[in-house]
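>>> no sequence on this one, just coordinates:
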């Protein structure tokens with residue numbers, strides 16, 4: 001088994017290629033992830049989003065009950081054909097922004113999530129499989145950057161704002177984790193760790209996998225901050 005980059009309080013981070021690490025996982029309840037998408041930024045275009053998503057899905061353990069794919073509202077959903085038929089389509093979820101923005105002529109009103117698999121358990125507070133979440137505020141650590149290092153001098157490097165260009169709203173991800181998991185969450189495309197922070201807030205066990213070590217480092221810092229905010 002690969003050695004964890006970080007492991008504390010039921011949250012584990014692996015630094016590496018998810019295609020090599022996922023086969024080593026024995027028990028996964030729900031996958032909640034924001035994968036590389038077809039209209040991704042230039043630095044990600046060589047990955048083949050549909051093939052990469054399909055490869056990961058095929059490697060998931062038989063215990064995996066649900067797969068939830070989080071996308072922007074302008075991402076082409078046809079690459080979701082990569083999700084195998086063993087997880088039937090459940091529903092689309094609308095993740096609205098309280099304050100929309102613009103991408104050229106497009107009014108960017110929010111994100112979407114596509115849920116596949118068996119319905120989540122019927123429990124108090126989750127009798128209805130809801131499909132909408134509206135963020136009430138802007139996350140203080142969620143402004144987007146370029147996702148690339150800006151070289152200032154040979155001794156100094158820094159990121160442009162948050163070092164992940166496709167960060168998702170924590171409020172949205174927390175809602176997805178609450179709606180579609182009970183015990184355990186895997187994010188094979190962890191990025192800056194939003195899924196893991198959301199899972200920690202909800203007392204879920206979580207595993208994140210990320211190929212970029214700098215994002216692993218950022219996720220560890222965010223998890224430490226979430227502990228301090230909760231006072232636990």
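Arrived safely, thanks for sending. Not measured: the values here are computed from a predicted model.

>>> any idea which helix is longest in the chain?
helix 213-230 (DSSP state H).

>>> pull the residues that contact it.
With Cβ atoms under 8 Å, 6 or more residues apart in numbering as the test, helix 213-230 has contacts from 5-6, 8-9, 11, 13, 15, 141, 149, 163-164, 190-194, 196-197, 200-201, 208, 210. The way it works is simple: take the backbone N, C-alpha and C, and place the C-beta from them, glycine included.

>>> tell me where the model's unsure across this structure.
Residue ranges of the chain with pLDDT under 70: 37-47, 137-166, 227-232.

>>> helices of that one, start to end?
For the chain, the helices defined by DSSP H occupy 18-21, 49-59, 170-180, 194-201, 213-230.

>>> center of this protein, which residue is that?
By Cα atoms, centre = their mean, the chain has its centre lying nearest to residue 33, at 3.4 Å.

>>> Provide a list of residues in contact with that residue.
So residue 33 contacts 68-70, 186-190, 195 (Cβ under 8 Å, 6+ apart).

>>> so how far is residue 127 from it?
Applying Cβ to Cβ, to the nearest Å, the value for residue 33 to residue 127 is 26 Å.

>>> next: residue 167.
Taken as Cβ to Cβ, the span from residue 167 to residue 127 is 31 Å.

>>> circling back: which one of the contacts of residue 33 is nearest residue 91?
Residue 91 lies nearest to residue 68 out of these, by Cβ to Cβ, at 10.2 Å.

>>> wait, residue 82 touches residue 67, no?
No: with contact defined as Cβ atoms under 8 Å, residue 82 does not count as touching residue 67 (10.3 Å).

>>> need the residues touching each of these two.
residue 57.

>>> the more surrounded of those two?
residue 67 (26 against 18; other Cβ atoms under 10 Å).

>>> contacting residues around residue 125?
For residue 125, the contact set (Cβ under 8 Å, 6+ apart) is empty.

>>> what are the phi and psi values for it?
Main-chain torsions, residue 125, degrees, to the nearest 10: phi 90, psi -10.

>>> so how many other residues sit close to residue 226?
Neighbour tally, residue 226, other Cβ under 10 Å: 19.
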